[in-house]
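Student: Return a 3D structure for these sequence lines:
(one chain, ligands or ions: 2)
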Amino acid sequence: MENILSPSILSADFSCLSDEIKKVENGGAKYLHIDVMDGLFVPNITFGPPLIKSIRKTTDMFFDVHLMINNPDNLLEDFESAGADLITVHQESCIHLHRTIQKIKSFGLKAGIALNPATPVSTLSDIIEDIDLVLLMSVNPGFGGQSLIGNVKNKFTDLKELMYKKNISKDIEIDGGVNLNNLEDVLSWGANVIVAGSAIYGAENVELRTKEFIKIMQGQ
Ligand code: DX5
Ligand code: ZN
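Tutor: Ligands and ions are numbered 1, 2, ... in the order given. Below you'll find the predicted structure:
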């Protein structure tokens with residue numbers, strides 16, 4: 001699996017979002033992690049399809065949309081037409097997860113499932129074949145700038161075991177608290193899609209920091 005950096009715009013300056021996006025794009029990032037929060041599933045509110053539609057006009061980056069919202073089904077089409085490339089929903093927020101995943105795929109998009117820190121990997125055993133990516137949350141979702149919860153390491157072991165048993169291989173994304181100091185560790189656990197918000201947008205030179213991440217991810 002190719003290692004992919006997905007900078008999260010949650011920690012970007014929203015007053016000049018297209019410039020902020022250009023910085024990570026110029027640094028070599030191919031994915032853009034877009035955190036959608038509804039104030040219900042998580043204790044914070046961000047933005048929705050209209051903002052995604054606006055930034056879609058400014059870049060060709062791959063839009064990695066992370067939905068932290070309750071019952072996303074009725075909004076999926078709006079995210080698709082706004083320009084999402086991958087939609088990741090939370091296992092905990094979907095009553096009929098199989099239906100939700102099929103709906104995302106019916107639009108021709110990639111589909112992912114996110115697990116909160118306390119949700120076991122075993123909850124994916126009857127759906128993992130249907131998806132493209134598993135997102136393991138390494139913080140409780142809602143805010144950028146938190147510290148990585150070390151126990152998530154065990155879930156990588158469980159996930160790789162589940163994939164091995166089923167003879168499948170899917171992208172594994174890690175989200176929350178990743179920085180230059182723990183990047184090599186999370187790569188060694190098996191994560192290949194790396195989300196980083198504050199560690200990238202908190203840097204003085206965002207473009208350079210993006211390059212530093214990518215350099216480590218390419219093993220150079
Ligand atoms: C948290 C979001 C993350 C967030 C990560 O709920 O899902 O994507 O932007 O931010 P950092 O990298 O600062 O932990
Ligand atoms: Zn996220």
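Student: Return the nearest residue of the protein with respect to ligand 2.
Tutor: Nearest residue of the chain to ligand 2 (C-beta to the ion) works out as H66 at 3.7 Å. To be clear about C-beta, it is placed using only N, CA and C from the backbone, and glycine gets the same treatment.
Student: Surely that residue is in contact with L135?
Tutor: Yes - using C-beta atoms under 8 Å, H66 is in contact with L135, at 6.9 Å.
Student: quick one, which of those two is more surrounded?
Tutor: L135 (29 against 26; other C-beta atoms under 10 Å).
Student: Any figure for the gap between that one and ligand 1?
Tutor: 9 Å (C-beta to the nearest ligand atom, to the nearest Å).
Student: ok so that residue is a strand residue?
Tutor: Yes - under DSSP: H, G, I helix; E, B strand; the rest coil, L135 sits within a strand.
Student: quick revisit: right, is the helix or strand the residue of the chain closest to ligand 2 falls within up against ligand 1?
Tutor: Using DSSP states H and E, H66 sits within strand 62-68. Yes - applying C-beta under 6 Å from any ligand atom, one finds strand 62-68 touching ligand 1 at H66.
Student: Paired strands for that strand, with orientation please.
Tutor: Strand 62-68 has its sheet partners listed here by DSSP bridges as strand 31-37 (parallel), strand 86-90 (parallel).
Student: what distance separates whichever helix or strand comes after the first one from the centre of its chain?
Tutor: In the C-terminal direction, the helix or strand that comes right after strand 31-37 (DSSP H and E) is helix 49-56. Between the mean C-alpha location of helix 49-56 and the chain-wide mean there is a distance of 17 Å, by C-alpha atoms, centre = their mean, to the nearest Å.
Student: for stretch 197-209, same thing?
Tutor: That offset, for stretch 197-209, works out to 17 Å (C-alpha atoms, centre = their mean).
Student: And for stretch 67-85?
Tutor: For stretch 67-85, the distance to the chain centre is 14 Å (C-alpha atoms, centre = their mean).
Student: related to what we said a few turns ago, now for the strands paired with strand 62-68, which one comes closest to L208?
Tutor: Of all the strands paired with strand 62-68, strand 31-37 sits nearest to L208, with 18.0 Å by C-beta to C-beta.
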